[in-house]
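J.: Just the structure for this:
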Amino acid sequence: MKDTIRIGMVVRADVTGLGNQSQDWTSQLPIAKTLVVWTPNKEAFPQLYSRMESRICEAGMPSVGDIDWLLKDIDIVICLETPYNWNLISEAKKKGVKTIINPNYEWLPRDIPEQPDLWLCTNTLNYETIQTDNKIYIPQPINRDMFRFTKRKKARTFLFNNGNGGAHGRNGLREFLEAINFVKSDVKFIINSQIPVETVYDSRIELHQGEPSIQNIWKEGDVFVHLRKFGAMTLPMNEAMSLGLPIIGINRNPENTYLPKELLVDPDGTYPMRCREDVIQVEACSYSPIKIAEKIDEIANTDISAYSERMNELADKWDWEKLRNLYIENFYNLVNNLPLKNYEEGNPDIR
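T.: Got it, this is the predicted structure:
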């Protein structure tokens, strides 16, 4: 039985959701080695991992040499969403290294080339989609030292963070811009986007384009509008909760498993889609900009203190300080072939 384990991780170093998640996990968990992959046309900052043993994939994706380097002298390798080269999983098995994938269900291959030792699911939708027994559910933790709570009292400023827009426009920017046309209330809208946004003519809109820091995109706002059509894991929602912003979202899994029902907008319907030809088909939501506008008008300029407190209570349960030991305990148990544990408010323990 191993008392001390060494963990390696495949990471991104760009300004994307996976890049931010990579930085979050490596700063909160005892990661010994990182293998840095990159995506064409995205600026990367591999120096973020200089504090640990690190190697950059010169070809972008892991080569045979990269895989051999990463698997040397470690007990576990963690991959966020994908190993990028599935030979990493098969080679790890040959060397006795345990493998963990933190999946995003919409990017699961139609045929999974190699099963990891564990699917570590950070939300209920991913957990339900993985059709194998080697899975656990633990929420994506929140860095509450970085995203500090401030009680929001009145719904005057509505914040929309578009990021890179999401695959197939899943963040709903187009629908949100259309919805603003139907909003009757005297409120302010802030839109942050890393990609160009079509010209909008409404004096209530303040548009920020470019790649601001995480802290800057949260500088102002009372309510966070997050209109995902599909997808499960979303760091911005966690960050908004921790900061105390009530969230207007779509009434879908996983949002409707933890957000106040009163702030959710029912979708008009669903449709099948694939993010890419080689990944599984998923169900996406369609929704009405008019319904989004009606929900904004419903809470515009009202007292949202109670909603803000509810966000704080949930974020407190998902604090890294409270979940870190559960992550590390599962890593230790996986290496030593001991029972794995789900989050206590999630599914029953795996035995």
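J.: C-alpha from now on. contacts and neighbour counts both.
T.: Noted.
J.: And this structure, what are its domain boundaries?
T.: 7-139+320-335, 157-316 (automatic domain parsing).
J.: Which among the ones you listed is found nearest to Met146?
T.: domain 157-316 (8.3 Å; C-alpha to C-alpha).
J.: Give me the mean pLDDT for the closest one.
T.: Mean pLDDT, computed over domain 157-316, is 93.
J.: what about the helices in the stretch 201-350 of the chain?
T.: Listed in chain order, the helices of the stretch 201-350 of the chain (DSSP state H, counting those that start in this stretch) span 214-217, 235-243, 289-299, 305-317, 320-335.
J.: how distant is the last one from the center of its chain?
T.: Using C-alpha atoms, centre = their mean, to the nearest Å, we find the averaged C-alpha position of helix 320-335 to lie 19 Å away from the chain's own average C-alpha position.
J.: residues of that helix that come out buried?
T.: Trp320, Leu323, Arg324, Leu326, Tyr327, Asn330, Phe331, Tyr332, Asn333, Leu334, Val335 (16 or more other C-alpha atoms under 10 Å).
J.: Give me the sheet partners of the host helix or strand of Ile101 and which way each runs.
T.: Following DSSP states H and E, one finds Ile101 within strand 98-102. Strand 98-102 sits in its sheet next to strand 76-80 (parallel), strand 118-121 (parallel), going by DSSP bridges.
J.: still on that earlier bit, closest one to Thr150 among the domains of the chain?
T.: Of all the domains of the chain, domain 157-316 sits nearest to Thr150, with 5.6 Å by C-alpha to C-alpha.
J.: where do the strands sit along the stretch 1-150 of the chain?
T.: Assigned by DSSP state E, counting those that start in this stretch, the strands in the stretch 1-150 of the chain fall at 7-12, 31-37, 53-56, 76-80, 98-102, 118-121, 135-137.
J.: Turn those strands into CSV, including mean pLDDT, mean neighbour count and distance to Gly19.
T.: CSV is the format used below for the strands of the stretch 1-150 of the chain (pLDDT from 0 to 100; neighbours: other C-alpha atoms under 10 Å; distance: least, C-alpha to C-alpha, whole Å):
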stretch, mean pLDDT, mean neighbour count, distance to Gly19
strand 7-12, 97, 26, 5
strand 31-37, 96, 23, 10
strand 53-56, 95, 18, 14
strand 76-80, 98, 24, 10
strand 98-102, 98, 23, 14
strand 118-121, 98, 24, 18
strand 135-137, 97, 24, 22
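J.: Out of those strands, the one nearest Gly163 is which?
T.: Here strand 7-12 is closest among the strands of the stretch 1-150 of the chain (C-alpha to C-alpha), at 16.1 Å.
J.: Quick one: work out the angle between that closest one and helix 320-335.
T.: 120 degrees (axes from the mean of the first three to the mean of the last three C-alpha atoms, to 10 degrees).
J.: Offset the numbering so it begins at 377, please.
T.: In the new count, where the first residue is 377, that last one comes out as strand 383-388.
J.: quick one: strand 383-388 to strand 407-413, angle?
T.: Using the same axes, to 10 degrees: strand 383-388 against strand 407-413 is 30 degrees.
J.: Tell me the helices and strands packed up against strand 383-388.
T.: Under the contact definition 3 or more C-alpha pairs under 8 Å, 6 or more residues apart in numbering; DSSP states H and E, strand 383-388 sits against helix 393-404, strand 407-413, strand 452-456.
J.: Quick one: closest of these to Ile626.
T.: Per C-alpha to C-alpha, nearest to Ile626 of the helices and strands packed on strand 383-388: helix 393-404, 19.8 Å.
J.: got the angle for that closest one vs strand 383-388?
T.: Computed with the same axes, to 10 degrees, the direction of helix 393-404 lies at 150 degrees from that of strand 383-388.
J.: Tell me which residues of stretch 562-582 come out buried.
T.: Val563, Lys564, Phe565, Ile566, Ile567, Asn568, Ser569, Gln570, Val573, Ile581.
J.: is Gln585 in a bridge, and if so with what?
T.: Taking DSSP bridges as the rule, Gln585 bridges to Ser569.
J.: ok now do it, which residues does it touch?
T.: For Gln585, the contact set (C-alpha atoms under 8 Å, 6 or more residues apart in numbering) comprises Asn568, Ser569, Gln570, Ile571, Pro572, Val573.
J.: would you list these in a markdown table and tack on distance to Ser439?
T.: Output for the contacts of Gln585, formatted as a markdown table (distance: C-alpha to C-alpha, whole Å):
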| residue | distance to Ser439 |
| --- | --- |
| Asn568 | 36 |
| Ser569 | 33 |
| Gln570 | 30 |
| Ile571 | 31 |
| Pro572 | 34 |
| Val573 | 37 |
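J.: Closest one of the residues you listed to Lys671?
T.: Asn568 (20.7 Å).
J.: what about the spatially most central residue of the chain, distance to Tyr647?
T.: The chain has Thr610 as the residue nearest its centroid, 3.1 Å off, counting by C-alpha atoms, centre = their mean. Separation of Thr610 from Tyr647 (C-alpha to C-alpha, to the nearest Å): 21 Å.
J.: Equivalent analysis for Trp495, please.
T.: Distance from Trp495 to Tyr647, by C-alpha to C-alpha: 27 Å.
J.: This completes my enquiry, with thanks.
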